[in-house]
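Asker: Please find the sequence and the predicted model below.
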Amino acid sequence: MQSVRKRRDSDLTTQRSSCDIDSTSGGVKENVPQQKRPYFPRFHSDLWFCLTLQNWILDFGRPIVMITLPLEWFPLNKPSAGDYFHMAYNFITPFILLKLIERSPRVLPRSALCLCLITLVMGASIHLVGDSINHRLILSGYDLHLSVRENPIIKDLKPVTLIDAFELLYFYDECLGHLMWYIPFFVILFFYFTGCFTKAKEGTRLPVSGCLLLGPSALYYWYLVTEGQITELFLLTFLAMVVVVIHQRRKGLSPDSNGRFLFFSFTVTVLLVALWVAYLWSDPVLRNKYPGLMYVPEPWSYYTLHIKQNP
């Protein structure tokens, strides 16, 4: 009997020791930090295509639609087709930027993301009101290549304080609205770019879809920089991207396909802006409206000066 009890006791001790070993090993496994999976980037052709398409249609196309459609369809005291385009832009663009950030391997703080998107929508909404009235002034004979006080339809207004009101409208449209709109826009794109670096060679080449979207994307950013008068903001963003590329290359990292697409688009945009400035460098009228070293005329000012008056 004693031998049987000793065997049972020995079996119990071995079972307890094995259970202790399993529990300790399981605890060790829980405390071991899980290694991150290697990041193999995929080109977000769907988001880049949607962003480029809606930029061309809803942003670049809205003043064209506003001017070309018959005035009887959209009276001057009612919202025009371009206004509805702008409203759609204010909804779609933040959504695409949000989805782009969600696919980024680098997490942006939610409070910062919400602040950027709220500011972007506020700035675009301010611009919606100012731009809507501005294009109605164009239909009434307003010349964009002249300042507010130099326009024939403005300088004869009575009382004179109405001119101050139009200058205030110009400030909200071209200054405050643009800054509140484009600063968070480029902040989000820049932050997304900082997460587009990898050691993997796969996914770093620009696919065919990216090559096809590169030209339209860069051309739209040229329009955004010149018409929005945000040359300084764009150049600061581009220089910051160059610094990030140099810093990451020292770590052995290179931009993935999405980072290359964004960086190449901005690079081509810089070249297009330089060619645009060189082409209009000696224009006396535009030089008078855009004084200073940072001389970047607006395309619509060029339109009212050289195309509208000389059909």
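Answerer: Happy to help now that I have it.
Asker: Now for Met241, how many residues are close by?
Answerer: Burial of Met241 is recorded as 21 neighbouring residues (other C-beta atoms under 10 Å). Quick note: C-beta positions are derived from backbone N, CA and C, even for glycine.
Asker: If you could redo that for Tyr303, that was the one I meant.
Answerer: Neighbours around Tyr303, by other C-beta under 10 Å: 16.
Asker: Does the nearest residue to it once chain neighbours are set aside fall in a helix, a strand, or a coil region?
Answerer: Leaving aside its sequence neighbours, Tyr303 sits nearest to Leu144 (C-beta to C-beta, 6 or more residues apart in numbering; 7.4 Å). For Leu144, the assignment made with DSSP: H, G, I helix; E, B strand; the rest coil gives coil.
Asker: Also the one 3 residues further on?
Answerer: Classification of Ser147 into helix, strand or coil gives coil, according to three-state DSSP.
Asker: residues touching it, list them.
Answerer: By C-beta atoms under 8 Å, 6 or more residues apart in numbering, Ser147 lies in contact with Lys289.
Asker: Give me the most central residue, the chain.
Answerer: Centroid check for the chain by C-alpha atoms, centre = their mean gives Phe185 as the closest residue, at 4.0 Å.
Asker: Leaving out the residues flanking it, which one is nearest to that residue?
Answerer: Per C-beta to C-beta, 6+ apart, closest to Phe185 is Leu120, 5.8 Å.
Asker: Now do the helix or strand encompassing the one you found: which elements does it pack against?
Answerer: Under the criterion of DSSP states H and E, Leu120 resides in helix 110-139. Applying 3 or more C-beta pairs under 8 Å, 6 or more residues apart in numbering; DSSP states H and E, one finds that helix 110-139 makes contact with helix 61-68, helix 81-102, helix 161-170, helix 177-194.
Asker: Help me confirm that Glu72 is found in a helix?
Answerer: No. Counting by three-state DSSP, Glu72 falls outside a helix, being coil.
Asker: Let's see the pLDDT reported for it.
Answerer: On the pLDDT scale, Glu72 is placed at 81.
Asker: next one: the one 10 residues further on
Answerer: As predicted, Gly82 sits at a pLDDT of 89.
Asker: Just the strands from the stretch 151-300 of the chain, written as ranges.
Answerer: Listed in chain order, the strands of the stretch 151-300 of the chain (DSSP state E, counting those that start in this stretch) span 197-198, 254-255.
Asker: Tell me which of these sits most buried.
Answerer: Highest mean neighbour count among these (mean count of other C-beta atoms under 10 Å): strand 197-198, with a mean of 22.
Asker: Tell me which strands it pairs with, and in which orientation.
Answerer: If you go by DSSP bridges, strand 197-198 pairs up with strand 254-255 (antiparallel).
Asker: So, low pLDDT: which residues of the stretch 201-311 of the chain?
Answerer: For the stretch 201-311 of the chain, the stretches flagged by pLDDT under 70 are 202-203, 309-311.
Asker: ugh, wrong one, the stretch 51-200 of the chain
Answerer: The low-confidence ranges in the stretch 51-200 of the chain, as defined by pLDDT under 70, are absent entirely.
Asker: I'd like the distance between Ala88 and Ile154.
Answerer: 31 Å (C-beta to C-beta, to the nearest Å).
Asker: of those two, who's got more company?
Answerer: Higher neighbour count among Ala88 and Ile154: Ile154, with 19 against 14, using other C-beta under 10 Å.
Asker: Isn't that one up against Asp143?
Answerer: No. Using C-beta atoms under 8 Å, Ile154 is not in contact with Asp143, being 9.7 Å away.
Asker: follow-up on the earlier one: was I right to think the residue nearest to Tyr303 contacts Asp131?
Answerer: No. Counting by C-beta under 8 Å, Asp131 is not a contact partner of Leu144; they are 11.6 Å apart.
Asker: element containing the nearest residue to Pro216 once chain neighbours are set aside, please.
Answerer: Distances taken as C-beta to C-beta, 6+ apart put Thr52 closest to Pro216, at 5.4 Å, once the chain neighbours are dropped. For Thr52, the element it lies in under DSSP H and E is helix 45-54.
Asker: Can you give me the buried ones in that helix?
Answerer: Ser45, Leu47, Trp48, Phe49, Cys50, Leu51, Thr52, Gln54 (16 or more other C-beta atoms under 10 Å).
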